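Student: Just need the structure, nothing else, for what follows:
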Amino acid sequence: MKKLLSINYSATAFNISFLLLRLVFGISLCVNYGYDKLVNFADRKDHFVNLFGIGSTTTLVLVVFAEFFCSIFVAIGLFTRFTVIPIIIAMGYAFFVAHNSALFAKGEVAALYLTGFFAILLCGPGKASVDGLIK
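Tutor: Modelled structure (predicted):
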């Protein structure tokens, strides 16, 4: 019981935790959202949200890049802190603008992804990653 209430943790527990966090968030974002947008790009390009007036096609290209390609890099832990930034921007826009900060409605998933990827940005990928192996 004392160990359950302890705030101490080992380096191994930290690295396994961030491995799981990267894998779950990276793979689920890629499979559930990024892949669908990539496969249905032609259907969505004319009706997608126009981000800051840059055009709906350009916005969709940036979102596919963030949700598909960057999430794969985050899952394997390659250039993690750099590749998590486009995801945070995409999820921030999705939560704050597209879903009007509706935390308990449509914006819940975007808020969860935003929080998880922001934690990865702050703490890094851990040693169980390609970045950890390179270092």
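Student: Show me where this protein has its strands.
Tutor: With strands called from DSSP state E, the chain shows none.
Student: Can you show me the helices along it?
Tutor: Along the chain, counting by DSSP state H, helices occupy 2-5, 11-29, 35-39, 41-44, 56-64, 71-76, 80-93, 108-123, 130-134.
Student: Single out the most deeply packed of those.
Tutor: helix 71-76 (a mean of 23; mean count of other C-beta atoms under 10 Å). The way it works is simple: take the backbone N, C-alpha and C, and place the C-beta from them, glycine included.
Student: and of the helices of the chain, who's closest to Asn100?
Tutor: helix 108-123 (10.9 Å; C-beta to C-beta).
Student: just to revisit the earlier point, could you export the helices of the chain to CSV, including columns for distance to Ala102 and mean pLDDT?
Tutor: Below are these laid out as CSV (distance: least, C-beta to C-beta, whole Å; pLDDT from 0 to 100):
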stretch, distance to Ala102, mean pLDDT
helix 2-5, 35, 76
helix 11-29, 19, 93
helix 35-39, 21, 94
helix 41-44, 22, 89
helix 56-64, 19, 90
helix 71-76, 23, 96
helix 80-93, 14, 94
helix 108-123, 8, 94
helix 130-134, 34, 87
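Student: possible to save those as a markdown table with distance to His99?
Tutor: Formatted as a markdown table, the helices of the chain follow (distance: least, C-beta to C-beta, whole Å):
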| stretch | distance to His99 |
| --- | --- |
| helix 2-5 | 36 |
| helix 11-29 | 16 |
| helix 35-39 | 16 |
| helix 41-44 | 17 |
| helix 56-64 | 14 |
| helix 71-76 | 19 |
| helix 80-93 | 10 |
| helix 108-123 | 6 |
| helix 130-134 | 31 |
